[in-house]
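>>> how would this look folded up:
(one chain, ligands or ions: 1)
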Amino acid sequence: MNTITPVDTVSFDGREVSLLDQTLLPGQQVRLIIEDAAQMHEAIGMLRVRGAPAIGVAAAFGLWLGVRGLSDDLPRPEAEAKVEETRTYLAGARPTAVNLSWALDRCAAQALATGSSTAQLKQALLDAAIQLRTDEEATTRLIGEHGADLLTGLSGVLTHCNAGSAATVGLGTALAPIYVASERGQALRVFADETRPLLQGARITAWELREAGVPVTVITDSMAAVVMRQGLVGAVIVGCDRVAANGDVANKIGTYGVALLARAHGLPFYVAGPTSTIDLGTPDGDHIEIEQRGAHEVTHHGGVLMAPDGVDVFNPAFDVTPAEYVTAIITEKGIIYPPYGPGLQAVKA
Ligand SMILES: CSC[C@H]1O[C@H](OP(=O)(O)O)[C@H](O)[C@@H]1O
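Below you'll find the predicted structure:
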């Protein structure tokens, strides 16, 4: 197989920042020009751009968009105050994926340490966002290369949600090892959980894998157990939105159940993610804020009522998988095995 071409989730063409609107996948591929921080905040909140690494890069460009219109004559302290205001605003778009705040903090710190004028501050924010995009793209290739070694000899793997190229600015996290294994000539079929309620697996994972020529079978979330029992997969590999210092993993709702199923069927359960998704400041999964989303996502699909309108709904966007159920964590710096504390500390050093 030829080298995989990543999905162009977030890009800057020298003038404009654009996003692939993932709410319209797979039926439409529409690019949105994002002109200011408010539009970027909306895009992140509505999952037009989604996936921890991708929203981090998107927010970084959003930070620049929030100040690019400032007059170069504005006193630097006032410009810096605007950066801080925009950073705080964008960080509030979604609470669970640590990459959002991590990317904003990284880019703001780099820019605030650069120059003494407002013009230099603005340029530094753009430079920081561009560099972040470059770094995060390279990171996904390394995740793929480390993770592919774990998939050697397998003919099927199961994934949950979308932690592919569309969730990053490169090959992805959970799907990166699959892409690299495929590039190496391994015949690997992906069983993709559709992942209710927003169907990132059916809509996005299946779409990007088919675009890349990787065999994919879409299953409903309730079919995962049978797929494992019938021996159709030899491993589970998922992404992550925040990894706590003890190795507990926040990821798309339903991941915890898939981890339990993997344990029950004696299958390895791998988590793939950049070290930027590891948050040593959060001691364990109980301290990870889980985003609660609106009832409409559950009671409606495609404008069709799927449950009594107004019925009570529980719609957490993520859950936490305890570290004890995680076989290994695949990062760009290598594979981490239990006990996770020391290994996570090492890759963040
Ligand atoms: C590579 S991070 C992907 C991660 O993000 C997804 O959540 P969302 O679609 O709500 O942004 C899901 O948890 C994926 O595993």
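>>> Count the neighbours of residue 72 for me.
11 (other Cβ atoms under 10 Å). Just so you know, the C-beta spots here come from the backbone N, C-alpha and C atoms, and that holds for glycine as well.
>>> what does the one 4 residues further on give?
Per other Cβ under 10 Å, the neighbour tally for residue 76 reads 15.
>>> Does it touch residue 118 like I think?
Yes: if you go by Cβ atoms under 8 Å, residue 76 and residue 118 touch, sitting 5.5 Å apart.
>>> Output the contacting helices and strands for the host helix or strand of residue 210.
Assessed by DSSP states H and E, residue 210 sits inside helix 206-212. Applying 3 or more Cβ pairs under 8 Å, 6 or more residues apart in numbering; DSSP states H and E, one finds that helix 206-212 contacts helix 176-183, strand 189-193, strand 216-219.
>>> of all those, which gets the most neighbours per residue?
helix 176-183 (a mean of 26; mean count of other Cβ atoms under 10 Å).
>>> So for it, mean pLDDT?
Mean pLDDT, helix 176-183: 97.
>>> before we move on, what about stretch 266-283?
98.
>>> that older thread, could you export the helices and strands packed on helix 206-212 as JSON lines, including distance to residue 101?
As requested, these are exported to JSON lines (distance: least, Cβ to Cβ, whole Å):
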{"stretch": "helix 176-183", "distance to residue 101": "23"}
{"stretch": "strand 189-193", "distance to residue 101": "28"}
{"stretch": "strand 216-219", "distance to residue 101": "33"}
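>>> Which among these is found nearest to residue 107?
Residue 107 sits nearest to helix 176-183 of all the helices and strands packed on helix 206-212, at 23.5 Å, using Cβ to Cβ.
>>> Any part of the closest one near the ligand?
No: judged by Cβ under 6 Å from any ligand atom, helix 176-183 makes no contact with the ligand; its nearest approach is 9.2 Å.
>>> Which residue is the nearest non-sequential neighbour of residue 265?
Excluding the flanking residues, the one nearest residue 265 by Cβ to Cβ, 6 or more residues apart in numbering is residue 228, at 4.1 Å.
>>> quick one: buried residues of the longest helix seen in the chain?
When the chain is scanned for its longest helix (criterion: DSSP state H), the result is helix 118-148. Neighbour-count burial for helix 118-148, counted by 16 or more other Cβ atoms under 10 Å, picks out 118-119, 121-126, 128-130, 132-133, 135-137, 139-148.
>>> helices or strands next to that helix in the packing?
Packing partners of helix 118-148 (3+ Cβ pairs under 8 Å, 6+ apart): strand 10-12, helix 52-65, helix 76-91, helix 98-112, helix 176-183, strand 269-272, strand 328-331, strand 334-336.
>>> which element follows that helix toward the C-terminus?
strand 156-159.
>>> and that next one, how far from the chain's centre?
How far strand 156-159 lies from its chain's middle: 18 Å, per Cα atoms, centre = their mean, to the nearest Å.
>>> That strand: partners in the sheet, and parallel or antiparallel?
The strands that strand 156-159 pairs with in its sheet are strand 189-193 (parallel), strand 235-238 (parallel) (by DSSP bridges).
>>> Which residues does the shortest one contact?
Strand 235-238 has contacts (Cβ atoms under 8 Å, 6 or more residues apart in numbering) with 147, 150-151, 154, 157-161, 163, 174, 177-178, 251-252, 255, 258-259, 262, 267-272, 330.
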